[in-house]
Structures are given as structure tokens and as C-alpha cells.
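**Q** please work out how this folds:
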Amino acid sequence: MPCAQYKKLIPLYMDHQLEAEKRQGLDKHLSACLSCQKEVRAYQQMWELLGDDQEISPQPGFVSRFWTKLALEESTEKSLWDKIKEAIGSRRLTYRVATVCMIFIMVGIYLPHYYQQKVTLNTLSSMNESELEMVEDVDFAQHLDVLEDLELYEDFDIIQRIQG
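**A** All right, here's what the predicted structure looks like:
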């Protein structure tokens, strides 16, 4: 048996509650194992410090008063989970929470667009006419590389050279 299992038996050994066969096995192990001997000495010292253990009896009726009080506390005191279930169960609260969530969703979707539109309008209002013309040609300029790759555009260029 490993040393760790013998150490689990030491408290029973000290209380004289260990079966004879296991007690003999533990005695044999203790004669060879310094670590377990040290554990037994530690238990002996602890028992010496505690002294004689005298059984303390509770007052008459203590047990029944304890269980009665505990039952009353359990019945009158709602748990946090019960309070949450009760609050969610209320239809008014459910509708309010749903309404607030919808408002947050709508605001979350609308606000970025609103601020982007505001920034765009401010930027456009601060531009002069030549800058505005350049902005109008931005879409064309962004797609110019696509247009250049089209054969149709090359044919158009050849036609312009012939005419020009």
C-alpha cells in the first residue's frame, strides 16, 4: 500500500478505530517510514494540545428550536433566483425590457449613419467649386482601372484616334 494511503489511516489509528488487520499493517509500515512516523507524532502533539475532550451537551430543546427556526427562515426568505424569476414573470417588466432593447438597437444602427452623414455634409460645405467637381468624379476615378481593363474602352479609344 502506498504511503499516502497509510497517512489517510492515521487519524483512525489514533482514535483506536482501525481494524486489527489494518492496524498491524500500519504498525509495520510505521516501523520503516519516517514520514508517517512524523505524521503520527504531529497528531499526538495536536491531541495533547487539545487536552481532554469533554462532550458538551446542548440545552434541552435546542435541536427542535434550530430546525424550526431554519424552516421559518427558508420559507420567508426568497432566494435571488426566485426574485429574478418573479420579476421576469411580470408582463409589464417584460414589455419594458423589450422596448428598451429595441430602442438601443435602433439607436445603435442609426447613430453611426447620422454622424457619418453629418461629417460628410460638413466636409462638402467647406469645399470650393473645383474641389466639389473633383468629388463628383471620385466614383469615376475609383472605377477607372476596371474601365481601362475593358476591351470596349480600348475600341472607344481607337475610334477617337481615327476621328481625331
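**Q** measure F104 to Y114 for me?
**A** If you measure F104 against Y114 using C-beta to C-beta, to the nearest Å, the figure is 15 Å. C-beta here means a position set from N, CA and C on the backbone, and glycine is covered the same way.
**Q** same question for L132.
**A** Distance from L132 to Y114, by C-beta to C-beta: 23 Å.
**Q** backbone phi and psi for S126, please?
**A** Dihedral angles of S126 (phi, psi; degrees, to the nearest 10) stand at phi -90, psi 0.
**Q** same check on E55?
**A** Per degrees, to the nearest 10, the backbone of E55 is at phi -70, psi 130.
**Q** do the same with P58
**A** Dihedral angles for P58 - degrees, to the nearest 10 - are phi -70, psi 160.
**Q** what does D15 give?
**A** phi -90, psi 0.
**Q** need the longest helix for this structure.
**A** Counting residues, the longest helix found in the chain (DSSP state H) is helix 91-125.
**Q** next SSE downstream of it?
**A** Going down the chain from helix 91-125, the next helix or strand is helix 129-136, by DSSP states H and E.
**Q** tell me what angle that next one forms with helix 91-125.
**A** 130 degrees (axes from the mean of the first three to the mean of the last three C-alpha atoms, to 10 degrees).
**Q** for helix 129-136, what is the average pLDDT?
**A** On average, the pLDDT along helix 129-136 is 75.
**Q** where does this structure have low pLDDT?
**A** Scanning the chain for pLDDT under 70 picks out 52-53, 74-79, 87-90, 135, 137-159, 164.
**Q** state the helix or strand in which the residue nearest the centre of it lies.
**A** By C-alpha atoms, centre = their mean, the chain has its centre lying nearest to W81, at 18.0 Å. According to DSSP H and E, W81 maps onto helix 80-89.
**Q** quick check: can you list the domain ranges of the protein?
**A** 3-50, 80-126, 128-164 (automatic domain parsing).
**Q** of all the ones you listed, which gets the most neighbours per residue?
**A** Highest mean neighbour count of the domains of the chain: domain 3-50, a mean of 13 (counted as mean count of other C-beta atoms under 10 Å).
**Q** over to that domain now: how far is its first residue from its last?
**A** 27 Å (C-alpha to C-alpha, to the nearest Å).
**Q** how far off centre is that domain?
**A** 44 Å (C-alpha atoms, centre = their mean, to the nearest Å).
**Q** now the end-to-end length of stretch 58-66.
**A** With C-alpha to C-alpha as the measure, what separates the two termini of stretch 58-66 is 11 Å.
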